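**Student:** Mind folding the following:
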Amino acid sequence: MTTSRLIFFPTNTNKIIDKPQLLKTLSDSQFITTNAQTNNHYLPGDNFLSLITFLGCSPNINLQPTEGESHCFISIIKQTQQPRCLGHTQTATPKCPACKKRITEWKTPDWKVAGKTCTCDKCQKQTPYTELNWKQECGFARCGFEVNHIYPHEAVPTDQFLNVLNQASGFEWDYCYAND
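**Tutor:** As a prediction, this is how the structure comes out:
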């Protein structure tokens with residue numbers, strides 16, 4: 001069974017932040033509670049709902065563990081040596097950064113592997129998958145964190161939260177949705 005996620009990661013795929021620094025930032029901003037419920041399973045903190053904006057008229061988000069039901073929790077993505085695909089939606093279709101058109105023939109068996117390139121079927125420009133315009137439908141990085149049980153386009157981070165991440169790390173952050 002797949003879990004829908006809202007994933008946060010550095011915009012520059014070469015940047016990293018170590019886990020203790022990231023946990024401190026998330027805890028200090030009260031995005032997460034200070035202690036993990038279990039290993040790498042953090043509950044939303046007191047400011048979670050002010051740092052994430054939920055869209056729609058009545059989202060149904062379970063913020064506390066309830067027996068037999070899924071609940072929203074935050075986990076840190078394990079840091080890697082090379083950028084990798086952190087997740088994607090089932091409807092992801094990237095745009096070419098050169099011609100700005102959707103690439104229809106983008107998916108190859110090894111598209112998630114670091115360093116692989118995609119050839120635009122419109123303008124023939126070759127671009128690393130990490131540099132395609134995914135429109136928040138896919139993300140590549142070496143580190144990050146994810147908010148579990150958030151459906152694609154159900155919530156967006158506030159500018160305030162992205163600024164907290166940017167200031168704490170010294171580089172810009174982005175986000176994407178995944179249900180892969």
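
**Student:** contacts and neighbour counts: CA atoms only from here.
**Tutor:** Fine.

**Student:** all strands of this protein, in order?
**Tutor:** 5-10, 52-54, 73-77, 84-88, 117-119, 126-128, 138-141, 144-148, 155-157, 173-178 (DSSP state E).

**Student:** Give me the distance from the fourth one to the chain's centre.
**Tutor:** This means strand 84-88. Distance, stretch centre to chain centre, for strand 84-88: 8 Å (CA atoms, centre = their mean, to the nearest Å).

**Student:** thinking again about what came up before, can you add mean pLDDT, mean neighbour count and distance to Asp110 and give the strands of the chain back as a markdown table?
**Tutor:** Listed next are those as a markdown table, based on pLDDT from 0 to 100; neighbours: other CA atoms under 10 Å; distance: least, CA to CA, whole Å:
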| stretch | mean pLDDT | mean neighbour count | distance to Asp110 |
| --- | --- | --- | --- |
| strand 5-10 | 98 | 25 | 21 |
| strand 52-54 | 94 | 16 | 33 |
| strand 73-77 | 96 | 21 | 21 |
| strand 84-88 | 96 | 21 | 11 |
| strand 117-119 | 97 | 20 | 10 |
| strand 126-128 | 97 | 15 | 12 |
| strand 138-141 | 97 | 28 | 14 |
| strand 144-148 | 97 | 22 | 22 |
| strand 155-157 | 97 | 17 | 29 |
| strand 173-178 | 98 | 23 | 18 |
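
**Student:** Tell me which of these lies nearest to Ser27.
**Tutor:** Minimum separation from Ser27 across the strands of the chain (CA to CA) falls at strand 73-77, 11.3 Å.

**Student:** what's the angle from the closest one to strand 5-10?
**Tutor:** 40 degrees (axes from the mean of the first three to the mean of the last three CA atoms, to 10 degrees).

**Student:** Report the backbone C-alpha coordinates of strand 73-77 in PDB.
**Tutor:** The C-alpha trace of strand 73-77 is given here as PDB (Å, rounded to 0.1, in the frame of the first residue of the first chain):
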ATOM      1  CA  PHE A  73       3.300  12.100  10.800                       C
ATOM      2  CA  ILE A  74       6.700  13.500   9.800                       C
ATOM      3  CA  SER A  75       9.800  11.500   8.900                       C
ATOM      4  CA  ILE A  76      13.300  12.400   7.900                       C
ATOM      5  CA  ILE A  77      14.500  11.100   4.600                       C
END
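
**Student:** Noted, bye for now.
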